[in-house]
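[1] can't give you the sequence, but here's the structure:
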């Protein structure tokens, strides 16, 4: 797998959740003891990490696989994972991991749709799509900054969007460069750091 593991606390137990080629696997952080599994196989690879929201865990893979979510329960010292929904061949996160705010996923969806893949808002508990805005490309990335999403499209634009499920609200946009931009931006101390495959840029966005 190319997906980074995620550290989370579910039902009071600190655990590490891995997205392996057979699906999600959670291990207790302190002991390494396996806690639960959720079958969600993929045949090639995925770079999108699992996302935890309350007791719900979401995952997605490209290459025709799709996305899904499960609810984690605990009875005594035993955990279980129950599927909430699954969309085969849809809602594919190719390389980028969406962010989750207040029960809604905001991320770039699409497989090898360079320059065109949309930014979507999806309810994590149901898989219901609330809005979709094309033109970001499947190689970019998203991060949460306060109550807004900063998105880098795979051909360079940096776009600030409100994290709201009612509609797509674009706040600001900067056209920095073209080329191949297959990374997410980073925000630190009032500055945005971003790059393509040839150069990097630092933008001062601090309030004067």
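    All right, it came through fine. All of these numbers come straight from a predicted model, not from anything done at the bench.

[2] residue nearest the centroid of the chain?
    residue 98 (2.0 Å; Cα atoms, centre = their mean).

[3] Please tell me how far it sits from residue 69.
    12 Å (Cβ to Cβ, to the nearest Å). For glycine as for every other residue, the C-beta is placed from the backbone atoms N, C-alpha and C.

[4] before we move on, what about residue 150?
    Counting by Cβ to Cβ - residue 150 and residue 69 are separated by 24 Å.

[5] So for the two, which residue has more residues nearby?
    residue 69 (27 against 24; other Cβ atoms under 10 Å).

[6] tell me which residues form a beta bridge with the more buried one?
    Under DSSP bridges, the beta-bridge partners of residue 69 are residue 58, residue 85.

[7] Does it touch residue 52 like I think?
    No - here residue 69 lies out of contact with residue 52, judged by Cβ atoms under 8 Å, at a distance of 10.2 Å.

[8] Need the overlap of contacts for these two.
    Common neighbours of residue 69 and residue 52 (criterion: Cβ atoms under 8 Å, 6 or more residues apart in numbering): residue 58.

[9] The nearest residue to residue 106 once chain neighbours are set aside is in what secondary structure piece?
    Excluding the flanking residues, the one nearest residue 106 by Cβ to Cβ, 6 or more residues apart in numbering is residue 149, at 4.9 Å. Using DSSP states H and E, residue 149 sits in strand 148-152.

[10] Tell me which other helices or strands that strand touches.
    strand 141-145, strand 157-162 (3 or more Cβ pairs under 8 Å, 6 or more residues apart in numbering; DSSP states H and E).

[11] quick one: which of those strands is nearest residue 58?
    Residue 58 sits nearest to strand 141-145 of all the helices and strands packed on strand 148-152, at 14.2 Å, using Cβ to Cβ.
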